[in-house]
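Asker: Sharing a model that was predicted from the sequence below.
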Amino acid sequence: MIHPIILCGGSGTRLWPRSRAAAPKPFIPLVGDNTLFQATLARCQNREIFAAPMVVAGQSHLDHVIAQSASLPDIQIIVEPTAKNTAPAIALAACRLPADAIMLVCPSDHYIADQAAFVRAAQAASKLAGDDWLVGFGIEPDRPETGYGYILQGEEIAGGYRIDRYVEKPDQTRAEAFLEEGCYSWNGGIFAFRAGAFLRELALHRPDMANAVQQSVAQGTKDGPIFHPEPQQFGKIDGESVDYAVMENTRHAAMVPAKMGWSDIGNWQALRDARPSDERGNAIFGRGEMIDCTNVMVDSDGPRVSVVGLDDVMVVVDGDEILVVSASGAQKVGTLTGAKSG
């Protein structure tokens with residue numbers, strides 16, 4: 001069985017004003033009728049393949065998690081005392097599982113169009129994880145994207161490839177070269193490993209973090225399906241991503257290629273591209289009208305929005321907040337005063 005570990009963190013500031021502190025990105029419907037969190041749970045609902053999901057979330061997200069997973073009576077929830085990034089969050093889940101359990105770590109706020117392809121990749125990754133590989137999903141790129149980290153594919157192994165190295169987000173020239181070379185994949189932030197193997201590698205490369213997590217879990221308390229790690233031990237941790245803490249250091253890093261219509265919905269351009277549009281790339285959600293526009297999205301929860309003669313622009317209206325952003329500026333939305341203040 002594959003144990004889904006759903007990570008709920010972050011506030012989605014680059015999707016302001018729709019994503020707010022009170023209703024962050026994973027818990028609002030952005031693509032279709034369900035939220036991204038609900039869609040993540042649905043991808044792992046086949047109990048012949050997947051065990052009951054385990055969700056790791058902060059206290060501020062707990063009410064959303066409980067409300068949106070009410071149909072899953074077997075769900076388990078770990079409440080992070082403080083946000084410490086993905087490596088400690090995954091370690092909390094690993095400490096709550098048997099050492100031989102295969103973990104499938106999934107962010108709660110990604111979009112995947114092809115669920116069957118996701119399941120196939122998960123099964124391939126779980127087989128490698130059973131042989132003590134630490135496995136990442138390598139998303140097949142379809143454009144020279146500068147907003148994602150990359151994975152360089154190494155030698156072929158049974159069921160996948162070794163990871164030669166992780167590569168930071170490139171500039172446009174390097175991204176174009178990566179696409180041309182064909183041996184680079186996007187780092188999708190989805191991982192599979194055996195719980196014991198992950199904890200062993202964490203103890204090897206980040207012993208202080210591993211010890212603090214284990215102590216926090218050992219001294220934690222359980223309230224029905226909800227587990228609260230001991231906060232003082234957990235507070236000793238220096239937060240770090242799983243990429244930096246483990247995946248870039250281990251000698252057992254592997255990848256499975258995945259072509260599944262993936263997006264991290266990291267900004268308004270990514271959301272526009274994940275949503276249905278007309279033949280000119282335009283889309284209207286709510287009340288709106290366009291004339292002579294290309295690749296324009298209007299998303300309004302009230303006022304009518306009219307756009308004339310623009311290309312590659314998103315217009316978002318949420319209550320009394322209005323955002324107008326170009327595709328090239330989408331990454332900077334999170335730096336706006338309104339986004340930072342919630």
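Answerer: Received the coordinates, thanks.

Asker: mind checking the SS state of the residue nearest to residue 59 when sequence neighbours are not counted?
Answerer: Closest residue in space to residue 59, ignoring its immediate chain neighbours: residue 79 at 5.8 Å, by Cβ to Cβ, 6 or more residues apart in numbering. Where you see a C-beta, it was placed from the backbone N, CA and C, and this is true even at glycine. Secondary structure of residue 79, reduced to three states by DSSP: H, G, I helix; E, B strand; the rest coil: strand.

Asker: Point to the residue nearest the middle of this protein.
Answerer: When the chain is reduced to its mean C-alpha position, the closest residue under Cα atoms, centre = their mean turns out to be residue 107, at 3.1 Å.

Asker: Tell me who's in contact with it.
Answerer: The contact partners of residue 107, by Cβ atoms under 8 Å, 6 or more residues apart in numbering, come to 6, 7, 40, 189, 190, 264.

Asker: Residue 221 and residue 38, how far apart?
Answerer: Note on residue 221: its distance to residue 38, by Cβ to Cβ, to the nearest Å, is 28 Å.

Asker: and the two? which has more neighbours close in?
Answerer: Between residue 221 and residue 38, counting by other Cβ atoms under 10 Å, residue 38 is the more crowded of the two (17 against 9).

Asker: With just CA atoms, put the helix or strand in which that one is found into CSV.
Answerer: In this assignment (DSSP states H and E), residue 38 forms part of helix 36-43. Extracted in CSV, the C-alpha atoms of helix 36-43 (Å, rounded to 0.1, in the frame of the first residue of the first chain):
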residue,chain,number,x,y,z
LEU,A,36,-6.9,21.9,-4.8
PHE,A,37,-6.8,20.1,-1.5
GLN,A,38,-9.9,18.1,-2.2
ALA,A,39,-8.6,17.2,-5.7
THR,A,40,-5.3,16.0,-4.1
LEU,A,41,-7.3,13.7,-1.8
ALA,A,42,-9.4,12.5,-4.7
ARG,A,43,-6.3,11.4,-6.6
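
Asker: Quick check: neighbours of the next helix or strand after that helix in the sheet, parallel or antiparallel?
Answerer: The first helix or strand that comes after helix 36-43 along the chain, using DSSP H and E, is strand 54-58. The pairing partners recorded for strand 54-58 under DSSP bridges are strand 2-8 (parallel), strand 76-80 (parallel).

Asker: I'd like the next helix or strand past strand 54-58.
Answerer: helix 59-68.

Asker: distance of residue 147 from residue 166?
Answerer: Noted for residue 147: a distance of 15 Å to residue 166, by Cβ to Cβ.

Asker: Convert the C-alpha atoms of the longest strand belonging to the chain to PDB, please.
Answerer: Using DSSP state E, we find that the single longest strand of the chain is strand 184-194. Once side chains and other backbone atoms are set aside, the C-alpha atoms of strand 184-194 remain, and they are given as PDB (Å, rounded to 0.1, in the frame of the first residue of the first chain):
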ATOM      1  CA  TYR A 184      16.100  17.900 -17.700                       C
ATOM      2  CA  SER A 185      12.700  17.600 -15.900                       C
ATOM      3  CA  TRP A 186      10.800  20.000 -13.700                       C
ATOM      4  CA  ASN A 187      11.000  19.200 -10.000                       C
ATOM      5  CA  GLY A 188       7.400  18.600  -9.200                       C
ATOM      6  CA  GLY A 189       7.800  18.500  -5.400                       C
ATOM      7  CA  ILE A 190       6.200  15.000  -5.200                       C
ATOM      8  CA  PHE A 191       8.300  12.200  -3.600                       C
ATOM      9  CA  ALA A 192       8.100   8.600  -2.700                       C
ATOM     10  CA  PHE A 193      10.300   6.800  -0.100                       C
ATOM     11  CA  ARG A 194      10.100   4.200   2.600                       C
END
